[in-house]
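K.L.:
based on what follows, work out the 3D shape:
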Amino acid sequence: MIKPKAEHYQVIIIGGGPIGLACALEAKRSRLSYVVLEKGCLVNSLYNYPTNMTFFSTSERLEIGNVPFVSNNAKPTRAEALEYYRRVTVSNEINLKLFEEVLAVKKQVLNFTVRTAKTNYTANNIIIATGFYDIPYRLNVEGEDLPKVTHYYKDPHFYAFQQVAIIGAQNSAVDAALETWRKGAIVTMVVRQPEIGKRVKYWVRPDIINRIKEGSIKAYFESTVAAIREHEMDIQTPDGMITIPNDRVIAMTGYEPNLSFLKKTGIKLSKAPVRKPYYNEKTHETNIEGIYLAGVICGGMDTHSLFIENSRIHAKRIMAHIRRREK
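P.N.:
The predicted structure is shown next:
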């Protein structure tokens with residue numbers, strides 16, 4: 001039986017987040033054949049943000065492809081962002097395949113083969129724009145895999161009237177602590193650092209500091225989780241080990257990019273701890289001719305240096321280089 005010929009594109013974009021969509025818009029304007037392959041839903045990372053999250057950035061800084069983003073508030077919400085990127089996708093008829101994870105990219109003589117969970121493709125050029133929200137930093141303690149432990153926080157109602165431990169002290173952890181406390185949870189924060197993170201949104205940081213000062217939310221600073229059990233957990237504090245009652249653990253310990261996928265593809269990485277992938281700053285082409293990086297993945301483990309607002313330009317740089325190559 002003859003296998004059907006794999007679909008071929010001039011550009012395959014891996015990742016259907018804001019930057020992947022920005023690359024798709026530029027490919028379409030350049031009249032290049034393209035497809036976006038996303039392993040989850042549209043803008044999957046944003047979908048996994050907390051339900052009530054408000055962005056630090058203003059709406060115009062989240063715009064892609066010169067499509068206006070109109071928000072009802074000075075700072076747009078997660079719901080508004082999801083609707084904006086969906087409308088951008090629909091109105092521009094972006095060629096997008098959802099829930100199709102890319103498993104491997106291999107360089108051939110004349111092009112690339114891309115193997116996904118569903119089928120195979122070929123392409124002249126590859127853009128990897130996979131972000132960093134898929135792999136959480138693990139606590140690496142006993143009990144971390146219990147059902148009551150999560151690395152993703154969505155909605156506070158679920159935690160009402162329960163003993164909730166929040167691990168971390170950056171934006172996600174602080175939002176989870178305040179929201180669950182306001183829904184009636186008994187909240188304890190476990191913070192490795194000596195204070196609440198300096199990068200916490202300026203209108204939220206005073207709120208959490210005051211709740212801790214008044215005793216509404218208990219916080220153990222310079223402390224770590226030692227073990228988690230069904231109805232309690234151990235915390236290593238500067239004053240020694242303590243055990244507290246616990247029903248739920250929300251581990252907001254951060255996330256890391258899928259650098260193993262880059263390495264498997266053949267892209268060079270710098271040494272730990274940054275492990276920044278190699279790419280040309282002007283064209284975003286990696287050490288493999290025809291493979292480009294866009295968005296947060298460009299920073300390696302330095303996930304706080306690149307955001308939507310300062311990564312949008314990557315799409316224009318990449319597509320300008322691909323246009324020259326395709327000609």
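K.L.:
pull out the buried residues from stretch 243-253.
P.N.:
246-253 (16 or more other Cβ atoms under 10 Å). Backbone N, C-alpha and C define where each C-beta goes, glycine included.
K.L.:
low pLDDT regions in the chain?
P.N.:
For the chain, the stretches with pLDDT under 70 are 1-4.
K.L.:
nearest the geometric middle of it, what residue?
P.N.:
Taking Cα atoms, centre = their mean, the centroid of the chain lies closest to residue 133, which sits 2.7 Å from it.
K.L.:
got a list of what that residue touches?
P.N.:
By Cβ atoms under 8 Å, 6 or more residues apart in numbering, residue 133 lies in contact with 44-45, 48, 255.
K.L.:
okay if I get those as CSV plus distance to residue 268 and secondary structure?
P.N.:
Formatted as CSV, these follow (distance: Cβ to Cβ, whole Å; DSSP: H, G, I helix; E, B strand; the rest coil):
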residue, distance to residue 268, secondary structure
44, 27, helix
45, 25, helix
48, 29, coil
255, 23, strand
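K.L.:
ok, which pair from those is furthest apart?
P.N.:
Using Cβ to Cβ, the contacts of residue 133 reach their maximum pairwise distance at 44 and 255, which is 12.4 Å.
K.L.:
any residues in contact with both of these two?
P.N.:
Counting by Cβ under 8 Å, 6+ apart, the residues touching both residue 44 and residue 255 are 133-134.
K.L.:
hang on, isn't residue 32 packed against residue 324?
P.N.:
No - assessed by Cβ atoms under 8 Å, residue 32 is found out of contact with residue 324, at 11.8 Å.
K.L.:
which of the two has more neighbours?
P.N.:
residue 32 (18 against 9; other Cβ atoms under 10 Å).
K.L.:
the spatially closest residue to that one that is not a sequence neighbour in helix, strand or coil?
P.N.:
Spatial nearest neighbour of residue 32, chain neighbours left out: residue 10 (4.5 Å); criterion: Cβ to Cβ, 6 or more residues apart in numbering. Applying DSSP: H, G, I helix; E, B strand; the rest coil to residue 10 yields a three-state assignment of strand.
K.L.:
before we move on, what about residue 123?
P.N.:
Once three-state DSSP is applied, residue 123 turns out strand.
K.L.:
surely it touches residue 13?
P.N.:
No - Residue 123 lies out of contact with residue 13 (Cβ under 8 Å); the separation is 9.5 Å.
K.L.:
quick one, which of these two is more surrounded?
P.N.:
Set residue 123 next to residue 13 and count neighbours by other Cβ under 10 Å: residue 13 wins out with 32 against 24.
K.L.:
is that one bridged to anything, and to what?
P.N.:
Applying DSSP bridges to residue 13 gives these bridge partners: residue 36, residue 127.
K.L.:
list the contacts of it.
P.N.:
By Cβ under 8 Å, 6+ apart, the residues touching residue 13 are 20, 23-24, 27, 34-37, 127, 129.
K.L.:
at 6 Å what do you get?
P.N.:
Counting by Cβ atoms under 6 Å, 6 or more residues apart in numbering, residue 13 touches 20, 23-24, 36, 127.
K.L.:
give me the buried entries from the residues you listed.
P.N.:
20, 23-24, 36, 127.
K.L.:
okay if I get the residues you listed as JSON lines plus distance to residue 138?
P.N.:
What follows is these, written out as JSON lines (distance: Cβ to Cβ, whole Å):
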{"residue": "20", "distance to residue 138": "26"}
{"residue": "23", "distance to residue 138": "31"}
{"residue": "24", "distance to residue 138": "33"}
{"residue": "36", "distance to residue 138": "30"}
{"residue": "127", "distance to residue 138": "29"}
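K.L.:
mind listing what the residue nearest to residue 32 touches?
P.N.:
Residue 10 sits next to 32-33, 124, 326 when contact means Cβ under 6 Å, 6+ apart.
K.L.:
how's this structure carved up into domains?
P.N.:
Segmentation of the chain into domains, based on automatic domain parsing, reads 7-135+255-326, 138-251.
K.L.:
circling back: between the buried ones among the contacts of residue 13, which is nearest residue 193?
P.N.:
Using Cβ to Cβ, residue 20 is the member of those that lies nearest residue 193, at 32.9 Å.
K.L.:
can you tell me, leaving aside adjacent residues, what's nearest to the closest one?
P.N.:
Nearest one to residue 20, counting by Cβ to Cβ, 6+ apart, is residue 129 at 4.1 Å.
K.L.:
hang on, isn't that neighbour packed against residue 294?
P.N.:
Yes - contact criterion Cβ atoms under 6 Å: residue 129 and residue 294 qualify, at 4.2 Å.
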